[in-house]
Structure formats: structure tokens, C-alpha cells
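Student: structure, please.
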Amino acid sequence: MTNFDLKTLYRLSRAASDLGHYNLSKLLNAAAVSYINRAAWTAAPLITDRDLAEAVAALEPQLHEAQLDEQLLTAFQRARETIAAGQLIAYEEAPLIYVCRVCGAVVYATPPEQCPHCGAGSLVFQLIPATFYLEPVPVPIVMTQLARTANWLEAIFSGLSDEQAAYRIDGREGEWSLQEAAGHLLDTQELIAQRVQLFLEHESPNLNAKAMWQSVEAARWSAADIVSKFRLSREAMLIRLRSAPADCWRRSGRHVEFGPVTLQQQCTYFAKHEHWHMAQMTRIRQAS
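Tutor: Numbering: from 1, shown residues only. As a prediction, the model looks like this:
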């Protein structure tokens, strides 16, 4: 499928929605998203920040040729330079961004009452999130999924020797072993447990930023120890969450990369992050 075909899918989806055929629009959107995700999954991976920065730099001339919003293009360049310098892009460098669903106009911080280009009202401006991981899932579902991870970890190591658990398998994420992947989940569990405590103790906590992929610290422990430590930390965190007042889930903390983030969004982020790694660990287990 070509880029033209992908644009056609979105155009037809828009037309179906505008004509009132919402379920056809849904099917066309699903086809477009499936195509994008499959293409991203099968493409050559970008493993390092330098790879990513160079790929964005190579794309910038095409973005300028497409005559996209100049402020957006400038932000692209600054973000690419920040990544090339080995730093995280702060929220202030990429604040709230909205795109007009009618004409594609880009606005920042707050949608206008009417689009300055096509006149559409403010409600048709689509907020572009930093990551789908922050799109909140209902609290009961998040809690259920957070509670099942420890059992899943135990199952993925079932029947494996220490040598198999420590065997590194190359893949899209780099070279990982099951033990390292599980250790990464333990590192991130300790991070979310810390943030949960901050939310429970403060009305507006300051959340430190730490990229998930920066933590692979568990080589000093066996797989069994990692799973045990994960279970203990996760169960203690869930006890605290179950006893927390309902309004705690709506508390908003400040994250240097994402800006305002609620407790519900943070827990959703980590639950989705674990589900992503389930695919990685399933692949490693099958290759072990």
C-alpha cells in the first residue's frame, strides 16, 4: 500500500463520517491504523537517539515542502536537536497542540472560538496527546490489569532454566533477555509505586521524569527474585490505591516531559507499558 492509498483511507473515512455512515468511518479508520502499525512494526528499527534524530532531520525537507505550520516545523527542529544532545524534550518545548479536523490548522495551548483558517468552531479541534499510553482507561480496568501482571510474569518464566532466562535475543527493542525485560518491569514498578505515593501524599505532586527504556538494572538478581520483588511491590501499591479516596485519581501532578498528568493517567501509562512488553517477552520466550 502506498502513501496515496493511506491518504485515501483517511479521506474516505472522513467522507463516511460527514455523510453519517459512522460505522463505515470506523472500519476505514481501523484499516488505516492497522496499516500504520504494521508498517512501523516491520520497518527497520531506530535503536538509538542518534538514529531517531537523523531520521527526523531527513524528513524535515519534506515537511517544509508540504507547507506545514511554521511553528510546528520549528518545534520539530528544536526537538530533534534536543534528542541529538541526549536530552528529553520538556513539556514547555511541546505544549498542548490541537489540529482542526476540518482544515488541518494547528493551534497551541487553547483552541480558538473559531478556526482562523476555515471558521470551524473550537470543538472540532483535536488534541494531540504526547502518547497513547496517557489516554486514560477506566480505573477498575486499570486496577484489574495492574493486578494481573505478576501472575503473567510468573507464567512467562515457567519451565525455564536460569540460562534460558538470561539468554539474550536480538529484536526490534535491541538485545534483551527475559531476565532483563522482567528487570525493566521491576524498575518501572518501583517508579510508579513512588509516584503513586506522591499522589496520595500531595495535592499537586512534582513527578520526576525518567524514560522507561533507561532502566535495565536487574542483572544483579535472578529471574525468580525479580518476579518476587515485583509481586511484593505491586501488591503493596494496589493496597494503597484501593484504600485511597476516589478523588485522588483526578489529582494532577507535574511531569517535566508530559506536563499536567493525573494519577489515573499515570497508572494507565504503566499498565499499557507492561502490555507492550508482553509482546516483547512473548517473542523472547518463543526464541529461548
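
Student: just say helix, strand or coil for the residue nearest the centre of the chain.
Tutor: Using C-alpha atoms, centre = their mean, the residue of the chain that lies closest to the mean C-alpha position is residue 133, 3.7 Å off. Secondary structure for residue 133, judged by DSSP: H, G, I helix; E, B strand; the rest coil, is helix.

Student: ok, it touching residue 272?
Tutor: Yes. With contact defined as C-beta atoms under 8 Å, residue 133 and residue 272 form a contacting pair (4.6 Å). Heads up, the C-betas are built off the backbone N, CA and C, glycines and all.

Student: so what's the nearest residue to residue 271 once chain neighbours are set aside up against?
Tutor: Once flanking residues are discounted, residue 271 sits nearest to residue 145: 4.6 Å by C-beta to C-beta, 6 or more residues apart in numbering. Applying C-beta atoms under 8 Å, 6 or more residues apart in numbering, we find residue 145 in contact with 137, 271, 274, 275.

Student: switch those residues over to CSV; also include distance to residue 46, pLDDT and secondary structure.
Tutor: Output for these, formatted as CSV (distance: C-beta to C-beta, whole Å; pLDDT from 0 to 100; DSSP: H, G, I helix; E, B strand; the rest coil):
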residue, distance to residue 46, pLDDT, secondary structure
137, 28, 96, coil
271, 25, 98, helix
274, 22, 97, helix
275, 22, 97, helix
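
Student: check contacts around residue 238.
Tutor: 143, 146, 147.

Student: by neighbours, which of these wins?
Tutor: Highest neighbour count within these: residue 146, with 20 neighbours (other C-beta atoms under 10 Å).

Student: just give the closest residue to that one, not the sequence neighbours.
Tutor: Nearest one to residue 146, counting by C-beta to C-beta, 6+ apart, is residue 271 at 5.4 Å.

Student: and residue 189, what does it touch?
Tutor: Contacts of residue 189 (C-beta under 8 Å, 6+ apart): 230, 233, 234, 237, 270.

Student: quick check: mean pLDDT of the strand or helix carrying it?
Tutor: For residue 189, the element it lies in under DSSP states H and E is helix 178-201. Per-residue pLDDT over helix 178-201 has a mean of 94.

Student: quick check: residue 70 vs residue 84, distance?
Tutor: 21 Å (C-beta to C-beta, to the nearest Å).

Student: same check on residue 277?
Tutor: Counting by C-beta to C-beta - residue 277 and residue 84 are separated by 27 Å.

Student: residues near residue 54, how many?
Tutor: Neighbours of residue 54 (other C-beta under 10 Å): 15.

Student: shaky segments in the stretch 151-288 of the chain?
Tutor: Within the stretch 151-288 of the chain, the stretches with pLDDT under 70 are 209-219.

Student: kind regards, and thank you for your time.
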